[in-house]
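Peer 1: would you be able to build a 3D model of this:
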Amino acid sequence: MSRDKNENPGDYIIGYWDRIEKKTIFIKLSDLEKSDIPYHRIRYIKKKGQVVWKR
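Peer 2: Numbering: from 1, shown residues only. From the prediction side, this is the model:
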């Protein structure tokens, strides 16, 4: 997504499991730093509100 020039990172939302708060947190892909979230915690990827990937 971040490498494809045809995709807008602002269209994507990442849902990840926060082990401290014990809930899924959603954040825009464009607001995400590469090292912020371990990949194994990612549960959802949404594009414009539609789930495009789910673990």
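Peer 1: for the chain, which spans come out with low pLDDT?
Peer 2: Low-confidence segments of the chain, defined by pLDDT under 70, are located at 1-2, 35.
Peer 1: now with 90, please.
Peer 2: When the per-residue scores of the chain are filtered using pLDDT under 90, the ranges that remain are 1-10, 29-39.
Peer 1: any idea which residue is closest to the centre of this protein?
Peer 2: Nearest to the mean C-alpha position of the chain, by C-alpha atoms, centre = their mean, lies I14 at 1.6 Å.
Peer 1: show me the contacts for that one.
Peer 2: The contact partners of I14, by C-beta atoms under 8 Å, 6 or more residues apart in numbering, come to 26-29, 32, 37, 42, 44-45. Just so you know, the C-beta spots here come from the backbone N, C-alpha and C atoms, and that holds for glycine as well.
Peer 1: now tabulate these in JSON lines and tack on distance to R3.
Peer 2: Formatted as JSON lines, these follow (distance: C-beta to C-beta, whole Å):
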{"residue": "F26", "distance to R3": "22"}
{"residue": "I27", "distance to R3": "19"}
{"residue": "K28", "distance to R3": "17"}
{"residue": "L29", "distance to R3": "12"}
{"residue": "L32", "distance to R3": "14"}
{"residue": "I37", "distance to R3": "18"}
{"residue": "I42", "distance to R3": "17"}
{"residue": "Y44", "distance to R3": "20"}
{"residue": "I45", "distance to R3": "15"}
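Peer 1: which one among those residues gets closest to K5?
Peer 2: The closest of those to K5 turns out to be L29 (C-beta to C-beta; 14.8 Å).
Peer 1: gap between that closest one and Q50?
Peer 2: L29 sits 14 Å away from Q50, going by C-beta to C-beta, to the nearest Å.
Peer 1: since that was my last question, I'll sign off now.
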